[in-house]
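*Asks:* Okay, structure incoming, though there's no sequence with it:
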């Protein structure tokens, strides 16, 4: 595409290995990020720690990725979201993708947008609920690279979208669709299980807004569903031995089975694309023991992807961020100031 003035919208996500050979370096990138894994005096030994952990976990992780096709599709899925968003935004905007732990890297993306003639940047972390470990990490990297490569380029941010109407409407519609697939005589006894990516409790206790954002999303979805529909919020993907947010998704499923619940609608409330945490963890690792424990209907809702409802709402957020003339309150570099939790 030829160079021309435009606002660059950078969709940011974690990324994922494009092949089984990429698994170990991808894991290294995750565990070497001090925003993702906080270690005491980590600046002295985090890279050594990351190499050791990546090497030890790579064989099992490669087996997991082999079960979901041998690769992650998160880059392609985010690019599809970008194309849909660019069409929704119209002339004057171009979308780009930057992955925090894989390719295209933030540095590669900034080089592209500068060469293409960008006159400003709107950062769009594709994490609905803000956290230092996700959108905070991506934003810090983007700020660092822009300061080095294009310090005069205006930067605005859509810091998060836990209560954006299109995001909530899409989840509510998906839950209603799942409910309609449950036999009518069992429908009233069904449970909605919201499963979000877990984080260390210590990070939440330090003021990170993630838990309150997730809770706000759950409230917004439930407000759009029939009154009296029981639900529970749980957390998946524990990565260290420290105390993490509770209950764990596997424990919540076990408890529901013990209560005699036969139908569970599993909603991956913190994700907007399919990846290993949905395709393997929810669809295989947790589904199989849940069925064995007595849950007859395990209904996993698909992530929003490039749905019209989500993309339309994000387009509105992007325009508002660009037109505001300054970063919103919740995009402070420390990543914790947010009107939702004030």
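*Replies:* Here it is on my side, so go on. It should be emphasised that the depicted structure is a prediction, and the values quoted were computed from it without experimental measurement. Numbers count the residues shown, from 1 in each chain.
*Asks:* how about the strands in this protein?
*Replies:* Taking DSSP state E, the strands of the chain run over residues 6-13, 93-99, 118-125, 155-157, 191-197, 231-236, 263-267, 297-300.
*Asks:* now those in CSV, with mean neighbour count, distance to residue 206 and mean pLDDT?
*Replies:* In this view, the C-beta of every residue, glycine as well, is placed from N, C-alpha and C. Supplementary listing: those in CSV, determined by neighbours: other C-beta atoms under 10 Å; distance: least, C-beta to C-beta, whole Å; pLDDT from 0 to 100:
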stretch, mean neighbour count, distance to residue 206, mean pLDDT
strand 6-13, 24, 22, 98
strand 93-99, 23, 26, 98
strand 118-125, 22, 20, 97
strand 155-157, 22, 21, 95
strand 191-197, 26, 17, 98
strand 231-236, 20, 17, 98
strand 263-267, 25, 27, 98
strand 297-300, 18, 32, 98
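*Asks:* Tabulate the ones you listed (CSV), appending distance to residue 245.
*Replies:* Formatted as CSV, the entries for these read as follows, by distance: least, C-beta to C-beta, whole Å:
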stretch, distance to residue 245
strand 6-13, 21
strand 93-99, 25
strand 118-125, 20
strand 155-157, 25
strand 191-197, 8
strand 231-236, 4
strand 263-267, 16
strand 297-300, 20
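*Asks:* List the contacts of stretch 179-198.
*Replies:* By C-beta atoms under 8 Å, 6 or more residues apart in numbering, the list of residues contacting stretch 179-198 from outside reads 129, 175, 214, 218, 221-222, 225, 229-238, 244-245, 248-249, 252-253, 256, 261-271, 277, 282, 297, 299.
*Asks:* So what does residue 37 look like in phi/psi?
*Replies:* Backbone torsions of residue 37, given as degrees, to the nearest 10, read phi -120, psi 110.
*Asks:* how near is it to residue 298?
*Replies:* Applying C-beta to C-beta, to the nearest Å, one obtains 31 Å for the distance of residue 37 from residue 298.
*Asks:* do the same with residue 190
*Replies:* To residue 298, residue 190 is 11 Å away according to C-beta to C-beta.
*Asks:* Now list whatever residues contact both of those two.
*Replies:* If you check residue 190 and residue 298 against C-beta under 8 Å, 6+ apart, the residues they both contact are residue 264.
*Asks:* Output the below-cut-off pLDDT ranges for this protein.
*Replies:* Applying pLDDT under 70 to the chain picks out residues 1, 41, 325-342.
*Asks:* same thing but at 80, please
*Replies:* Counting by pLDDT under 80, the chain has low-confidence residues at 1-2, 36-44, 240, 324-342.
*Asks:* in it, what residue sits furthest out from the centroid?
*Replies:* residue 185 (35.0 Å; C-alpha atoms, centre = their mean).
*Asks:* Tell me the spacing between that one and residue 6.
*Replies:* Relative to residue 6, and taking C-beta to C-beta, residue 185 is found at 56 Å.
*Asks:* before we move on, what about residue 131?
*Replies:* Summarising the geometry, the distance separating residue 131 from residue 6, computed by C-beta to C-beta, is 30 Å.
*Asks:* Check residue 62 too.
*Replies:* Relative to residue 6, residue 62 is positioned 40 Å away (C-beta to C-beta).
*Asks:* Ok, residue 290 next?
*Replies:* 47 Å.
*Asks:* What of residue 287?
*Replies:* 44 Å.
*Asks:* swap in residue 78?
*Replies:* Computed with C-beta to C-beta, the distance linking residue 78 and residue 6 is 19 Å.
*Asks:* Same question for residue 103.
*Replies:* Looking at residue 103 against residue 6, where the rule is C-beta to C-beta, the gap reads 23 Å.
*Asks:* for residue 36, same thing?
*Replies:* Taking C-beta to C-beta as the criterion, residue 36 is separated from residue 6 by 32 Å.
*Asks:* got it, and residue 206?
*Replies:* Counting by C-beta to C-beta, the gap between residue 206 and residue 6 amounts to 38 Å.
*Asks:* Could you do residue 192 as well?
*Replies:* As for residue 192, its distance to residue 6 is 41 Å (criterion: C-beta to C-beta).
*Asks:* Look up which residues are beta-bridged to the spatially closest residue to residue 245 that is not a sequence neighbour.
*Replies:* Ranked by C-beta to C-beta, 6 or more residues apart in numbering and with sequence neighbours excluded, the top spatial neighbour of residue 245 is residue 235, at 4.2 Å. The partner list for residue 235 in beta bridges (DSSP bridges) reads residue 196, residue 248.
*Asks:* thought residue 235 was touching residue 251?
*Replies:* No. Shown here, residue 235 and residue 251 do not form a contact pair, counting by C-beta atoms under 8 Å, at 9.7 Å.
*Asks:* Can you check which residues contact both of these two?
*Replies:* By the contact definition C-beta under 8 Å, 6+ apart, residue 235 and residue 251 are jointly contacted by no residue.
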